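In: Can you look at this prediction? I've put the sequence above it.
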Amino acid sequence: MTKPLNIGMIGYGFMGRAHSNGYRKVNNFFPLEHRPVLKAVCARNRDKAQAFADTWGYESIETDWRELLKREDIDAVDICTPNNLHKEVAIAAAEAGKMILCEKPLAMNVKEGEQMVAAVKKAGVRNMVWYNYRRVPAVTLAKQIIDEGRLGRVFHYRAVFLQDWTISADVPQGGAGTWRLDVDAAGSGVTGDLLAHCIDTAIWLNGPITKVTAMTETFVKERKHAESGKVAKVGIDDACAFLAQFKNGALAVFESTRYARGHKALYTFEINGERASISWDLHDLHRLGYFDHRDESKLRGWRSIHVTDSDHPYMGNWWVPGLQIGYEHSFVHQVADFLKSLETGENAQPDFESALETQRVCDAVLKSAASGKWTDVV
Ligand code: SOE
């Protein structure tokens, strides 16, 4: 018999759906001691909360997150709100003794993140941040290849995350989905929303980033606010590019924008080492590019590894070799790893403390863009 883990979900947007889907599927594919039970979903709007509960099978609804935290039948709180609520909810959840699964980025800035880390440590509650791309099997395979030392010394890391959905000046700031354009709700633009993914993966694969130099641009300077209806200054970065150095000496180039016409969610990275290189592309997420200079020269070339074999990360739990999975499964894997952490006693990664490292890089990037200077990650 599996043990129930009662989930209280706060928020019901895109990520609320992605996480709920993960909770619902995980036990069908991963043998685990615990089983998520969709106990309650919380949103300010009662009708929307009820509609979400009906669609996803939540047993009950709340319209005030504080009431959700008071409930004794909730074991774990999933924070899927806009970023400006992460800190307050997470600290209150920790004080209420709840486990916390928080959507990325951890916080609006490092100061908030530090308070959140202190709160979960003090309360001794299990915690995790949803950086789902680590759990795409091809990305996890990249980690294994690197940890096996196959690349040798790493020289270069290159990552981009490109979108094009905010080019029109008619896209509002604030409101469902478009809160990502409102600096008061999001904290930053592409830096916290998209580069945070690239940075999390980069630190995981190649170690700490020590310094950065960045530039940002806000192409559309004013937008109507969806809630007030008033035209207001846009405070987020629409685009950001930065150079970085890792502690291991490798050089990095990162770029993100929501103005790359034709790209919807093009997250790619390439790593060049002394002996081998790796590349990955979210639009072809089940493949990993691998080049090994030690191959016999007449056969040497970039391999395109179809990461669907049963000895590839997570894949033994899905279909038969050759049949691929997709984006949604990265969330199923993250739930599986979280539930596994209840068995092992170790936090599933990244936990708040580890996600704070990504936040430190984001803050350094924004600071550097403002000052025009190289900035240490502190
Ligand atoms: C923004 O469009 C967004 O949905 C991000 O918020 C997600 O974190 C990213 O995975 C996809 O793009």
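Out: Noted; the coordinates are in hand. Numbering: from 1, shown residues only.
In: for the stretch 51-200 of the chain, what spans make up the helices?
Out: All helices of the stretch 51-200 of the chain, identified by DSSP state H, counting those that start in this stretch, fall at 65-70, 86-95, 110-123, 137-147, 183-186, 190, 196-206.
In: Which strands or helices does the fifth one pack on?
Out: In this structure, helix 183-186 makes packing contacts with no helix or strand, judged by 3 or more Cβ pairs under 8 Å, 6 or more residues apart in numbering; DSSP states H and E. Backbone N, C-alpha and C define where each C-beta goes, glycine included.
In: who's in contact with the next helix or strand after it?
Out: Downstream of helix 183-186, the first helix or strand assigned by DSSP states H and E is helix 190. Around helix 190, the neighbours that count as contacts under Cβ atoms under 8 Å, 6 or more residues apart in numbering are 161, 163, 236-240, 256-258.
In: Out of the helices of the stretch 51-200 of the chain, which is the most enclosed?
Out: The highest mean neighbour count among the helices of the stretch 51-200 of the chain, using mean count of other Cβ atoms under 10 Å, belongs to helix 190: a mean of 27.
In: quick check: mean pLDDT across that helix?
Out: Here helix 190 scores 98 as its mean pLDDT.
In: and it, anywhere near the ligand?
Out: No - using Cβ under 6 Å from any ligand atom, helix 190 stays clear of the ligand, coming no nearer than 8.8 Å.
In: could the helices of the stretch 51-200 of the chain be laid out in TSV, adding distance to Lys104?
Out: As requested, these are exported to TSV (distance: least, Cβ to Cβ, whole Å):
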stretch	distance to Lys104
helix 65-70	19
helix 86-95	9
helix 110-123	11
helix 137-147	15
helix 183-186	12
helix 190	13
helix 196-206	6
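In: Just say helix, strand or coil for the closest residue to Trp56 other than its chain neighbours.
Out: Ranked by Cβ to Cβ, 6 or more residues apart in numbering and with sequence neighbours excluded, the top spatial neighbour of Trp56 is Ser20, at 4.3 Å. Here Ser20 is recorded as helix under DSSP: H, G, I helix; E, B strand; the rest coil.
In: Surely Ser20 touches Leu38?
Out: Yes - between Ser20 and Leu38 there is a contact under Cβ atoms under 8 Å: 6.7 Å.
In: which of these two has more neighbours?
Out: Ser20 (26 against 18; other Cβ atoms under 10 Å).
In: Could I get the contacting residues of that one?
Out: Ser20 makes contacts with 9, 38, 56, 58, as judged by Cβ under 8 Å, 6+ apart.
In: Please list the residues of this structure that sit near the ligand.
Out: Proximity of the chain to the ligand, by Cβ under 6 Å from any ligand atom, involves residues 14, 163, 193, 197, 265.
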